[in-house]
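1. Return a 3D structure for these sequence lines:
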Amino acid sequence: MIPLSFILGFYVTIIATRWWQQCMALPWPDRLMLTIAMYIPGCDNESKLLRKTLMQNCNLMAVLVFRSISESVRSRLKSLEDVVNAGFMTYAEMKTYKAVQSDVNLYWLPGLWFSHRLREAQARGRIIDSYGAQLIMKELLEFRSKCGILWSYDWVSILLVYTQVVTLSTYSFVIACIFGRRCIDNGSKSISLLHEAEGQWGHLIQLCLHLH
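-> Here you go, the predicted model:
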């Protein structure tokens, strides 16, 4: 009477939907990069350094999130010094990051640096117009939202009680099937022969163990 197909189907649907939503929430820097290249033009060193720094802050935000939720990334980038050596962060940024005292994940802090640099670039006239700055900031907020979604999925997992119910129901169903499908001796000749064969097989196993 256990609706095992319904329970497992609902559980698998939750797992598959959650996995797909996590895949769709992966932050890609392409749109932000194209927007920055569009509204912050220039081939001089200052413009190139500004675009590179903005994208570095963007990628650093994603790296900090991946270090928090992925064991493979955490094993590769074990400390902030490893992040600096990999080129995602400067030593000055690492000192600023460590100076902030907080009990929560500070993956969003590079986004704050991004917004400050964007405002300074707008004040110096490095951005074409205010609409361009608005689009760049909009893409940054979208990028940050996806990082927050990934962090939330890792922070809030599926309820343990539901996993326990599914596990208990599956094991109960299997055990019930094992006992329910056992052969019952109703006096038939075939059952008697089966029991006799099983007894002979048991004696043979005991003999082999004794000889060993």
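2. From here on, just use CA atoms for contacts and neighbour counts.
-> Will do.
3. Residue 136 against residue 35, yeah?
-> Yes. Residue 136 is within contact range of residue 35, at 6.0 Å (criterion: CA atoms under 8 Å).
4. quick one: which of these two has more around it?
-> The residue with more neighbours, out of residue 136 and residue 35, is residue 136; 24 against 16, by other CA atoms under 10 Å.
5. Find the helix or strand that the more buried one is a member of.
-> helix 130-155 (DSSP states H and E).
6. pLDDT of the very next helix or strand once past that helix, averaged?
-> The element immediately downstream of helix 130-155 (helix or strand, assigned by DSSP H and E) is helix 160-180. Predicted confidence along helix 160-180 averages 77 (mean pLDDT).
7. all helices of this structure, in order?
-> 4-24, 30-39, 45-69, 71-76, 80-85, 91-99, 109-123, 130-155, 160-180, 189-211 (DSSP state H).
8. Least reliable of the ones you listed by average pLDDT, please.
-> helix 189-211 (a mean of 49).
9. returning to what we had before: so which other helices or strands are in contact with the helix holding residue 136?
-> Judged by 3 or more CA pairs under 8 Å, 6 or more residues apart in numbering; DSSP states H and E, the packing partners of helix 130-155 are helix 4-24, helix 30-39, helix 45-69, helix 109-123.
10. for those helices, which one sits closest to residue 162?
-> With CA to CA, the closest approach to residue 162 among those belongs to helix 4-24: 8.3 Å.
11. Now do the closest one against helix 160-180: the angle between them, please.
-> 140 degrees (axes from the mean of the first three to the mean of the last three CA atoms, to 10 degrees).
12. Pull the residues that contact helix 4-24.
-> Residues from elsewhere that reach helix 4-24 (CA atoms under 8 Å, 6 or more residues apart in numbering): 149, 150, 153, 166, 169, 170, 173.
13. so can I have a markdown table of the helices and strands packed on helix 130-155 showing distance to residue 96?
-> A markdown table is the format used below for the helices and strands packed on helix 130-155 (distance: least, CA to CA, whole Å):
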| stretch | distance to residue 96 |
| --- | --- |
| helix 4-24 | 30 |
| helix 30-39 | 24 |
| helix 45-69 | 13 |
| helix 109-123 | 10 |
